[in-house]
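Undergrad: Provided below for reference: sequence and predicted model.
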Amino acid sequence: MAEGRCPPEDVGGHWGHAEFLEALANPDHEQHEDLLVWYGGPFDPQDAVTDRLARDVAGLAQRWAPKPRQPRAPPKSIH
């Protein structure tokens, strides 16, 4: 089971992620607004968005599922 959200892509590694979380948690932080715009909205590090993950995995499973095979025609006899 997922336990929290992954860091956003290109956040800057471990140190960048820590600064990102600090800035978003503090509306008075000098980078708060810029990072909200950069990320595209609020970020909850505790929300693993499991509903989206489950939907994405189900979509992949459906796309990768084996396709039903067409029955083969019996071989033609040569007489």
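TA: Yep, it's here.
Undergrad: contacting residues around W38?
TA: Shown in contact with W38 (CB atoms under 8 Å, 6 or more residues apart in numbering): no residues. C-beta: built from backbone N, CA, C; applies to glycine.
Undergrad: name the residues of the helix or strand containing it that come out as buried.
TA: Taking DSSP states H and E as the definition, one finds W38 inside helix 32-39. By 16 or more other CB atoms under 10 Å, the buried positions in helix 32-39 come out as L35.
Undergrad: how far does whichever helix or strand comes after that helix sit from the chain's center?
TA: Sequence order places helix 50-64 as the next helix or strand after helix 32-39, per DSSP H and E. Averaged C-alpha coordinates place helix 50-64 at 10 Å from its chain's average position (CA atoms, centre = their mean, to the nearest Å).
Undergrad: kindly report the same for stretch 63-71.
TA: Relative to its chain's centre, stretch 63-71 lies at 27 Å (CA atoms, centre = their mean).
Undergrad: end-to-end on it?
TA: One end of stretch 63-71 to the other measures 22 Å (CA to CA, to the nearest Å).
Undergrad: which residues of the protein score low on pLDDT?
TA: Along the chain, segments meeting pLDDT under 70 span 1-2, 79.
Undergrad: and the residue nearest the centre of it?
TA: Taking CA atoms, centre = their mean, the centroid of the chain lies closest to L53, which sits 6.1 Å from it.
Undergrad: pull up the gap between G13 and P7, please.
TA: 8 Å (CB to CB, to the nearest Å).
Undergrad: let me fix that, I meant to ask about Q70.
TA: Q70 sits 47 Å away from P7, going by CB to CB.
Undergrad: more crowded one of the two?
TA: A direct count of neighbours by other CB atoms under 10 Å for Q70 and P7 places P7 higher, at 17 against 6.
Undergrad: what count of nearby residues applies to G16?
TA: G16 is flanked by 13 other residues according to other CB under 10 Å.
Undergrad: helix or strand: which one has it?
TA: helix 13-25.
Undergrad: now do that helix against helix 32-39, angle only.
TA: Orientation of helix 13-25 against helix 32-39 (axes from the mean of the first three to the mean of the last three CA atoms, to 10 degrees) gives an angle of 120 degrees.
Undergrad: ok, residues contacting helix 13-25?
TA: Helix 13-25 is contacted from outside by 7-8, 11-12, 29-32, 35-36, 39, 42-43, 45, using CB under 8 Å, 6+ apart.
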